[in-house]
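> My questions concern the predicted model and sequence given below.
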Amino acid sequence: MKTALWLYLFLFIAFFDLHAQYPMLTPYAVSLGAAPTFIGWMMGIYSLTHLPGNLLAGPGVDRHGSRRYIMMSLVAAGIILIFQAFITSPWELLVLRAFSGFVLAFLSPACLTMLARLSDDHVTQGKYMSGHGVIHTSASVISPAAGAFIVASFGFRTTFGSLGLILIATGIMAYFTLPKTRPAITTAAESADTETTGRIVPDWRYFLPPFVIACAQGILFYELPLHGAGGASIMSTGILFSIISLGALLTLSMLFLNRYSPIRRLIIGIFLMALCFYLMAVTEAPLGLLLFLLGTTKGVIFPAMASLFITLGGSHLGRTFSLQSIVTSIGSFIGPVLAGQMHGYFSPFFAAFLILMIGLAFTPLRRIPHPVSVPAAKKAA
């Protein structure tokens, strides 16, 4: 439990730092002279460069443990943020966002793997994942508005530089506080399965949900700062992002949901998220209310998705979470790029609805049995 608390503390600081940038990036790019289409590519390149990092992260975490990758990812991201404070052109921002995407690709697989190995009980694992979601969401509730306030008060350079220093300090603290984790041990059954089938990953269709959700979120992150006549201000954009997080925090706090089937929670959550995007596209309902409801679906989806991949991953959690991060990165790249091309011609929100429904149609609906144990679970405690 002590390891989980330390990890939650560092994750809160890291997520606060990263989410505080969301309302800043589009106005910062505009201040450097970037066009809307270029901004879409700038946001998408971050996710595209996740791919090589994700490919390296999975085997590395399974082989060496999570601690060093958490430290390296946070420190490198902090250094990049400091450089980002002194750029003078959109192309420099594009390059730095590309590097940032690569180094932060190691963070999610490492953190999720460490949390999953703290217990061998699927309900407890689900609670740890919900706790991860609560920390993530709590940080994202206040960080967009806080980031918008800080940049309005002190400017872009001071804000990016300060956030970078905080990330560096957090990474160093994590390295000296979190325990070393041993690599997972493959069971005899899993070894036999690998030898006979050549696979250590689940059915590819289970990776459709993270792909379509990331794509829809990428569309939202692009469109929200530009939504409305003349675009939204930095402060109002930050508030809108915080409203989404408040909705997610509500459902993440309902820990009893972890007792229900992950695949069932996932399917219901995706359907309701698609419905929210549809209503944003075709109705004049209050945007704040729809974003709050969309946030509640995220609070259902993400713990369910994490529990599903823990079940499917077995002792290869690093590789499984790495593959999840890869498809998430691809979706996060396609989303804003697609939104940038459609902006002004077709509703990006309706495109997000279609993408989610197509992904939902191909997701397997069969129930996944919970594993009896995870061999390496207690070794990280």
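Arrived safely.
> Now do the helices in the stretch 51-200 of the chain.
67-84, 90-104, 107-116, 122-154, 156-177, 188-197 (DSSP state H, counting those that start in this stretch).
> Give me the contacts around the fifth one.
By C-beta atoms under 8 Å, 6 or more residues apart in numbering, the surrounding residues in contact with helix 156-177 are 6, 10, 13-14, 17, 20-21, 24, 28, 31, 67-68, 70-75, 77-82, 84-86, 147, 150-151, 154. From N, CA and C alone the C-beta is placed, and that goes for glycine too.
> Downstream of the lowest-mean-pLDDT helix or strand in the chain, the next helix or strand is which one?
Ranked by mean pLDDT, DSSP states H and E, the weakest helix or strand in the chain is helix 188-197, scoring a mean of 42. Note on helix 188-197: by DSSP states H and E, the next helix or strand toward the C-terminus is helix 208-223.
> Now do whichever helix or strand comes after that next one: which elements does it pack against?
Scanning forward in sequence from helix 208-223 by DSSP H and E, the next helix or strand is helix 234-252. Helix 234-252 is packed against helix 22-31, helix 122-154, helix 287-313, with contacts defined by 3 or more C-beta pairs under 8 Å, 6 or more residues apart in numbering; DSSP states H and E.
> For these, which has the smallest mean pLDDT value?
In terms of average pLDDT, helix 122-154 trails the rest of the helices and strands packed on helix 234-252, at a mean of 77.
> how far does it sit from the chain's center?
11 Å (C-alpha atoms, centre = their mean, to the nearest Å).
> do the same with stretch 43-56
12 Å.
> measure that stretch end to end?
Taking C-alpha to C-alpha, to the nearest Å as the measure, stretch 43-56 stretches 22 Å from start to finish.
> for that stretch, what is the average pLDDT?
For stretch 43-56, mean pLDDT rounds to 79.
> Let the chain start at 688 from now.
Got it, the first residue is 688 from now on, which makes the last one we talked about stretch 730-743.
> Enumerate the positions of that stretch that are buried.
Under the neighbour-count criterion of 16 or more other C-beta atoms under 10 Å, stretch 730-743 has 730-738, 740-743 buried.
> Can you tell me which of those residues is nearest V810?
Nearest to V810 among these is N741, at 28.3 Å by C-beta to C-beta.
> Might one say that that closest one is in contact with P796?
Yes - between N741 and P796 there is a contact under C-beta atoms under 8 Å: 7.0 Å.
> so what sits against both of the two?
Here N741 and P796 have S1009, S1012 as joint contacts, going by C-beta under 8 Å, 6+ apart.
> if I look at S840, how far off is M711?
Going from S840 to M711 by C-beta to C-beta, to the nearest Å gives 13 Å.
> For the host helix or strand of T690, list every residue counted as buried.
Using DSSP H and E, T690 sits in helix 689-706. Using 16+ other C-beta under 10 Å as the test for burial, helix 689-706 gives 690-691, 694-695, 697-706.
> and P889, what pLDDT?
65.
> which residues does the residue nearest to M729 when sequence neighbours are not counted contact?
Among residues not flanking M729 along the chain, L781 sits closest, at 5.1 Å (C-beta to C-beta, 6 or more residues apart in numbering). L781 makes contacts with F725, W728, M729, I732, as judged by C-beta under 8 Å, 6+ apart.
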